[in-house]
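Peer 1: Mind folding the following:
(one chain, ligands or ions: 1)
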Amino acid sequence: MMPRNQKSQTACHLAAGIATLILSTISTHASAATGALLKPNDFVGISFWLITMALMASTVFFFLERDRVSAKWKTSLTVSGLVTLVAAVHYLYMREVWVNTGTSPTVFRYIDWLITVPLLMIEFYLILSAITKVPAGVFWRLMVGTFVMLIGGYLGEAGYMAVWPAFIIGMAGWAAILYEIFFGQAGKINAQSAPPAVQSAFSTMRWIVTIGWAIYPIGYFFGYLTGSGPEASANALNLIYNLADVLNKIAFGLIIWSVAVSESEASLKK
Ligand SMILES: *C/C=C(C)/C=C/C=C(C)/C=C/C1=C(C)CCCC1(C)C
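Peer 2: Numbers count the residues shown, from 1 in each chain. Below you'll find the predicted structure:
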């Protein structure tokens with residue numbers, strides 16, 4: 001075990017490192033930016049800015065808070081921080097595409113999802129593994145569902161496929177994930193063997209994947225399936241996706257953080 005002050009020194013170095021990384025990304029970015037500046041009436045653009053900042057702050061927070069929780073929770077907080085870090089960097093690029101062109105940053109959005117959604121699935125698996133041995137099949141089924149969902153969505157949004165069939169493929173992938181966490185092996189493991197705090201975290205996470213994730217297909221619907229004209233659609237699509245990310249990346253991480261802190265404090269008292 002490291003002595004306490006040495007440990008917090010390491011945490012300080014870590015935080016300084018992250019801050020430097022983020023700041024250098026921003027400054028490279030600022031000097032590369034050539035186009036327009038954010039306009040006061042561009043509310044979608046404003047949401048891109050706000051969320052970029054919130055994701056950066058969350059990243060620093062999750063990494064620093066690792067210091068406060070017991071060993072078995074540390075990886076979960078690391079993964080939460082990685083999700084918000086990866087998203088923050090993508091938001092810098094997405095924001096620029098939006099502010100400069102007013103079009104949807106589809107390719108950056110999906111590259112981000114391709115990394116962050118599997119990380120969120122890993123998070124699920126980690127929470128379960130913190131209590132019991134979980135068969136690898138659970139993990140692979142969650143991953144397959146994730147990729148089917150994202151590939152379907154991308155084919156539709158990037159114009160490789162008609163938007164309705166692509167939507168249906170995406171929905172099928174999401175349905176497979178929901179089946180696994182409610183009725184499949186993942187759902188059963190949790191019900192049988194988890195302590196109450198973990199069970200409640202698991203059930204909250206489950207509702208996030210149901211209700212929180214449902215916001216994305218709603219965004220797709222307003223973006224592509226209503227025929228309200230390209231400009232209105234791009235506004236609705238990006239605003240809805242952006243708000244969904246606040247819930248599913250930042251709030252999701254905070255739920256895990258709060259369980260980790262309360263569980264760690266409870267086990268200290270024992
Ligand atoms: C951090 C990013 C997250 C949690 C992104 C999640 C994305 C989805 C749940 C997307 C779902 C979609 C469908 C269910 C149908 C097809 C269209 C998608 C890809 C938007």
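Peer 1: who are the neighbours in contact with Leu155?
Peer 2: Contacts of Leu155 were listed using CB atoms under 8 Å, 6 or more residues apart in numbering, and they are Met161, Ala166, Ile169. To be clear about C-beta, it is placed using only N, CA and C from the backbone, and glycine gets the same treatment.
Peer 1: mind checking which helix or strand it is in?
Peer 2: Under the criterion of DSSP states H and E, Leu155 resides in helix 136-157.
Peer 1: The residue of the stretch 1-150 of the chain found nearest the ligand: neighbouring residues, count only.
Peer 2: Across the stretch 1-150 of the chain, the shortest distance to the ligand (CB to the nearest ligand atom) belongs to Thr116, at 4.3 Å. Neighbourhood size, Thr116 [other CB atoms under 10 Å]: 20.
Peer 1: how about it, what does it touch?
Peer 2: Neighbours of Thr116 in contact, by CB under 8 Å, 6+ apart: Val83, Val86, Ala87, Lys249.
Peer 1: Can you redo these as TSV, where the extra columns are secondary structure?
Peer 2: TSV is the format used below for these (DSSP: H, G, I helix; E, B strand; the rest coil):
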residue	secondary structure
Val83	helix
Val86	helix
Ala87	helix
Lys249	helix
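Peer 1: near the ligand, from the residues you listed?
Peer 2: Lys249 (CB under 6 Å from any ligand atom).
Peer 1: Quick one: which of the contacts of Thr116 is the most crowded by neighbours?
Peer 2: In those, the most neighbours by other CB under 10 Å go to Val83, 29 neighbours.
Peer 1: shouldn't that residue be in contact with Met121?
Peer 2: No: assessed by CB atoms under 8 Å, Val83 is found out of contact with Met121, at 10.8 Å.
Peer 1: Could you list the residues of the stretch 51-200 of the chain in contact with the ligand?
Peer 2: Going by CB under 6 Å from any ligand atom, the residues of the stretch 51-200 of the chain near the ligand are Trp113, Thr116, Val117, Leu120, Met149, Leu150, Gly152, Gly153, Phe167, Gly170, Met171, Trp174.
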